[in-house]
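>>> next one to model:
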Amino acid sequence: MDWFEALSENYMEAGGRPRRVLDEVRSHRPVVLHGVAMNLGSTDALDESYLARLAELAARVEPAWVSDHLCWTGVGGRNLHDLLPLPYTEEAVERVASRIRAVQDRLGRRIAIENVSSYATFRADGMTEWEFLCSVAEQGDCHILLDVNNVFVSAHNHGFDPEAYLDAIPAGRVIQIHLAGHSEHGPLLIDTHDHPIRDEVWKLFERVVARLGRVSTLIEWDDRLPGYDDLEREAARAKEILDRAAPPDLGRGEPRRAGSAPPVRPGCQRSVGLLSEAQGRLRSWITAPGGVGELKDDFAALLAGDVRADAAARLEIYANAYFFRIHDALCEDHGALRACLGETLFHDLVTAYLLVHPPSHPSLRHAGDHLPDYLARAASAEPFRRACPWAADLAALERACLDAFDAADAAPLPRAALERIAPERWASLRLRFVPALRQLALDWPVRGVLRAHKADTPLPSLEPARGHVCVWRVAERVRHRELLDEEARCLARARAGTRFGELCEELALHIGAEQAPARAAAWLARWQTDGLLAAADAD
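The predicted structure follows:
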């Protein structure tokens, strides 16, 4: 393989195994960053926190380029975690192009925008999708990531000519090509990245390469992964097609003309304000708890339908994708909780939880951040507490393990560093702990449930037992152990910055002055052995 593409959001956490893997890959091969949450088409303000993390990641990885999608992913501070369609209007062109320019200024580089597969279009569309893509790229002065499979999927879903689409794309703007497989959903196709590339897509790829030349090409395969030999065969087929092509035109397209406007079909008017209205309505429809089928709204007033599928059926695809994408993420992050509740009750939990805590973070990794608190306190969580009284504690433990997995890296303090500290300095010593350390106070002994789930053994029955647990990571392995009350209190105070001498004095009030120093020293040795300590500094 010549190079690799990394999904930007998967590597924006502070540290842990994902970043180490990316660093290792980058040390051997070029890498590009491809995002799904820049939210370029939204009417919300640009997410400056997201852009700052992306800029930091790009500085670390030094990608050949950065890309994202010509779509919107959220509005009103809520993230729908999908690549949602835009109306093809002048207003949308100007909005997206201005945001692309702002992002490029923020990152100090041109980005590439990818055409998305779509399952619904807007009645107010004033141009074709390829006219829209070309206009945005020109006014935004950016590159294009041309997804050939997405062109084929959208052409099938909306009845346009994929060859006309591909022939209209300006060669000088295309910096990358995507290939992928898709799935059938009744009369429509869905871009699922879980099947081999279809012959029709290969033929379109050959047509594109014949015109554009050897553009860097990547095969996306995200789910139901086959064996490596199958992946390698697909890559070899793409490379064979590319090797027959001429070198690409590496220009950046024609210079952007100030004030240039996209072509508009005769009879179509400039739709000012449609973008905000469309996104607000789509968000409310997609996130409706009862599904699209229970809504009485006139979807056809906003969205176009045809003999293949009406507006409601097309909207239902996005609604299902919203729920099940988050459901699947929570299944992965809270597997033990899911096992305790069972499939049906866990499905109901996700439905109820999303009503109270709809996602706002760009990464699905944070979709369950509020789940422990929801299970512990929300009135609507009462059925789940009755079915599994330890659900909140188990969710908190699984969440702490996930946080530790992604926490910033820090080298554990060597024992020799403690041994070098002079006796007279110990009283003023402040301990610093690894960023991956988490400390929990629990009402149920849920560690046994988590261990049984990991080992695929029968889940134990539990009795209430208040206790403390610490969770941390050593290298790539997340660990957890129980803490006695006094150790938990001492650890919490040490993490808050209390000097070692003060810790001993506080401990003496509970267990006596004679035992306190030896007990504190034993805990300190255990913390160092476990890898909890990062540094010990004297004032």
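>>> for the stretch 251-400 of the chain, what spans make up the helices?
274-286, 311-333, 335-341, 343-356, 371-377, 382-387, 391-406 (DSSP state H, counting those that start in this stretch).
>>> what sits up against the first one?
Defining contact as Cβ atoms under 8 Å, 6 or more residues apart in numbering, one finds that helix 274-286 is touched by 41-43, 72, 74-76, 78, 80, 82, 84, 86-87, 89, 91-92, 95, 122, 124, 292, 295, 297, 299, 302, 315, 318-319, 322. No exception for glycine: its C-beta is placed from N, CA and C like everyone else's.
>>> can I have the buried ones of the residues you listed as a PyMOL selection?
The PyMOL selection below is limited to those of those classed as buried (16 or more other Cβ atoms under 10 Å):
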select buried, resi 41+42+43+72+74+75+80+82+84+86+87+89+91+92+95+122+124+292+299+302+315+318+319+322
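>>> how far away is Val32 from Phe205?
Distance of Val32 to Phe205, given as Cβ to Cβ, to the nearest Å: 19 Å.
>>> likewise for Gly16?
From Gly16 to Phe205 the distance is 36 Å (Cβ to Cβ).
>>> and stretch 414-430, what's buried?
Leu418, Trp426, Leu429, Arg430.
>>> my bad, should have said stretch 154-166
Counting neighbours by 16+ other Cβ under 10 Å, stretch 154-166 gives Ser154, Ala155, His156, Asn157, His158, Phe160, Pro162, Tyr165, Leu166 as buried.
>>> how far does that stretch sit from its chain's centre?
29 Å (Cα atoms, centre = their mean, to the nearest Å).
>>> once you drop chain neighbours, what's closest to the residue nearest the centre of the chain?
With distances taken as Cα atoms, centre = their mean, Ser363 lies nearest the centre of the chain, 3.2 Å away. Nearest non-adjacent residue to Ser363, counting by Cβ to Cβ, 6 or more residues apart in numbering: Glu9, 4.6 Å away.
>>> likewise for Arg430?
Asp537 (5.3 Å).
>>> neighbours around that neighbour, how many?
Residue crowding around Asp537 was assessed by other Cβ atoms under 10 Å; the count is 11.
>>> quick check: it is in a strand.
Yes. Assignment of Asp537 by DSSP: H, G, I helix; E, B strand; the rest coil places it within a strand.
>>> which residues touch it?
Leu429, Arg430, Arg432.
>>> and of the residues you listed, the nearest to Leu533?
Of all the contacts of Asp537, Arg432 has the smallest distance to Leu533: 7.4 Å, by Cβ to Cβ.
>>> surely that closest one and Leu532 touch.
No. Using Cβ atoms under 8 Å as the test, Arg432 is too far from Leu532 to be in contact (10.1 Å).
>>> neighbour count for those two, which is higher?
The neighbour comparison of Arg432 against Leu532 (other Cβ under 10 Å) goes to Leu532, with 24 against 15.
>>> distance check, the more buried one against Arg447.
17 Å.
>>> same question for Ala475.
For Ala475, the distance to Arg447 - Cβ to Cβ - is 21 Å.
>>> between those two, which one's more packed in?
Using other Cβ under 10 Å as the criterion, Ala475 and Arg447 rank with Arg447 on top: 18 against 10.
>>> the more buried one against Glu482, yeah?
Yes. Contact criterion Cβ under 8 Å: Arg447 and Glu482 qualify, at 6.9 Å.
>>> overlap in contacts of these two?
Common neighbours of Arg447 and Glu482 (criterion: Cβ under 8 Å, 6+ apart): Val469.
>>> how close does the nearest residue to Gly501 once chain neighbours are set aside get to Ala538?
Nearest non-adjacent residue to Gly501, counting by Cβ to Cβ, 6+ apart: Ala427, 3.2 Å away. Distance, Ala427 to Ala538, by Cβ to Cβ: 9 Å.
>>> do the same with Leu337
Where Ala538 is concerned, Leu337 sits at a distance of 43 Å (Cβ to Cβ).
>>> model confidence for the nearest residue to Gly77 once chain neighbours are set aside, exactly?
Once flanking residues are discounted, Gly77 sits nearest to Ser360: 5.6 Å by Cβ to Cβ, 6+ apart. Here the pLDDT value assigned to Ser360 is 96.
>>> circling back to that earlier point, and which of the buried residues of stretch 154-166 is nearest to Glu184?
His156 (9.6 Å).
>>> name the nearest residue to the closest one, ignoring sequence neighbours.
Leaving aside its sequence neighbours, His156 sits nearest to Leu189 (Cβ to Cβ, 6+ apart; 5.0 Å).
>>> contacts only, for that neighbour.
Taking Cβ under 8 Å, 6+ apart, one finds Ser117, Phe152, Val153, His156, Asn157, His182, Ser183 in contact with Leu189.
>>> just give me the closest of the residues you listed to His28.
Of all the contacts of Leu189, His182 has the smallest distance to His28: 30.8 Å, by Cβ to Cβ.
>>> the residue nearest to Gly501: what secondary structure?
helix.
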